[in-house]
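predicted model, plus sequence, below.
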Amino acid sequence: MSESVLHSHVRQIRYLIFLKDVLVLALTCFGGPQVHLVMFLERFVQKRRYITEAELLELQALCQVLPGPTSTQTITALGFKIGGPTLAYLTVLIWSLPAVLVMTLAALGISYLQQHHISLSFMRFVEPMAIGFLAYGGYSIGSKVIHNQSHWIILGISAVVSYIFPSPYMTPIVVILGGVITSFQYQRLQKLDKTPIRIEWANFFLWLGVLIAAALLGKITNWLPIRLFENFYRNGSLVFGGGQVLNPMLYTEFVEFKQWLSQQEFLTGMALAQIVPGPVFSIASYIGALSMRDDGVFGQLIGSTAASFGIFLPGTFLIFFVYRFWNELKKYRGVRASLEGLNAASVGLTIAAVIRMFMATATTSTGIFSILLTICLLYFTKTPPYMIVFGGILLGILL
């Protein structure tokens, strides 16, 4: 056997072991990006030594400042670093598939119960818990990204505007303006030695082309699966801050604006996403399936598939695009400064959504109690979210 063939076999075995590790994590990673990072460090750095701790933290930092699902982009970027685009695409598929399947089955189960007029009252404690998760998530992000008066002003304005105008068309305006405002404050940041940026534009044009094509096809055909794909692709291209920011954006679009889901259905999905391992963005599969419930089981599967591809593809395209020149791009002070405004505006979106959901849900003592108890458990005890949700379901069944 020649040396080149031997090296090829070694690489293939290494890739298979990596994909097996990705599958193990997809089945065991509960919680958000912070918890995922700990498990990534344990398996990819300490056990397998695919990458150094410093390199993994650098990847995580890059993905936190890009729109899209942070953990998914981090593990996809690692696959890209180890084996190029093919391994990266297989990585995002294996990482997201278990959560997507579970959330799709959850949507099918909700539809079955509704069709047979079976009460969902056993979820009555869980639904308001979702608001508690969202409120605590907004607080956690805000405590990390809100540092000065201009951040507070952006947060306040974005919260007020988003509350008064709960439209998906307002979301990109608020987020982008937040980034533009702080980009002008670049003088206070440290200067770094710059090197010429060499940009490969293929994946950017791929991301933009899919965005435009989906919008045009959705408008022309009015076919619901294409519209679902476009809706989630657009949201996946704009969300900074992970699931805590994605959820209010989806609530605004699918509950308040389009009214394809009821508030009860959406909050149930939010809560269930907390007990599913893998990416929190899998809630898209649940929403996509329920949005096409009138087309039967096959239609719901199509809706779930369209929504899942829509939410995960833009982040994948963008990490492929930015990863190649991030080391040079981050040296520009205007770029670094704009990230502060993007994050502050995202927190404002979360606050506005929490207020709207709270006012609609906290109409009973049970709802208020569930929301406050969830926040207290997360803040004072650090109880894992999936344990809180399981406790809420058990309490609903017993009572």
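Nice, thanks for sending it over. Numbers count the residues shown, from 1 in each chain.

ends of stretch 255-270, how far apart?
13 Å (Cα to Cα, to the nearest Å).

can you pull the contacts of Met170?
Val161, Ser162 (Cβ atoms under 8 Å, 6 or more residues apart in numbering). Placement of C-beta: from N, CA and C, glycine included.

how close does it sit to Leu342?
For Met170, the distance to Leu342 equals 15 Å [Cβ to Cβ, to the nearest Å].

Tyr89 too?
27 Å.

please say which of those two ends up with more neighbours.
Leu342 (24 against 15; other Cβ atoms under 10 Å).

SS state for the more buried one?
Using DSSP: H, G, I helix; E, B strand; the rest coil, the three-state assignment for Leu342 comes out as helix.

let me see the confidence value for the residue nearest to Leu192 when sequence neighbours are not counted.
Counting by Cβ to Cβ, 6 or more residues apart in numbering, Leu192 lies nearest to Lys331, which is 4.1 Å off, once chain neighbours are set aside. For Lys331, the model assigns a pLDDT of 73.

contacts only, for the closest residue to Arg11 other than its chain neighbours.
Closest residue to Arg11 apart from its sequence neighbours, by Cβ to Cβ, 6+ apart: Gly83 at 7.4 Å. Contact analysis of Gly83 by Cβ under 8 Å, 6+ apart lists Arg11, Tyr15, Phe18.

which residue ranges of the stretch 51-200 of the chain form helices?
53-64, 70-115, 126-145, 149-164, 170-183 (DSSP state H, counting those that start in this stretch).

to Val354, which of these lies closest?
helix 126-145 (4.8 Å; Cβ to Cβ).

list the helices and strands that closest one packs on?
helix 243-250, helix 263-273, helix 333-361, helix 365-376, helix 385-398 (3 or more Cβ pairs under 8 Å, 6 or more residues apart in numbering; DSSP states H and E).

what's the angle from that helix to helix 365-376?
30 degrees (axes from the mean of the first three to the mean of the last three Cα atoms, to 10 degrees).

tell me the gap between helix 126-145 and the middle of its chain.
14 Å (Cα atoms, centre = their mean, to the nearest Å).

same question for that helix, mean pLDDT?
Here the average pLDDT along helix 126-145 is 78.

same thing with stretch 348-367?
Taken as a whole, stretch 348-367 has an average pLDDT of 79.

what lies in contact with it?
124-125, 127-128, 130-131, 134-135, 137-138, 141, 154-163, 166, 171, 174-175, 178, 241, 244-245, 247-249, 251-252, 256, 263, 267, 368, 371.

buried among the contacts of Gly83? Make that a PyMOL selection.
This is how PyMOL selects the buried members of the contacts of Gly83, with burial counted by 16 or more other Cβ atoms under 10 Å:
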select buried, resi 15+18
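
can I get the contacts of Gly83 in a markdown table with pLDDT and secondary structure?
Output for those, formatted as a markdown table (pLDDT from 0 to 100; DSSP: H, G, I helix; E, B strand; the rest coil):
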| residue | pLDDT | secondary structure |
| --- | --- | --- |
| Arg11 | 78 | helix |
| Tyr15 | 88 | helix |
| Phe18 | 91 | helix |
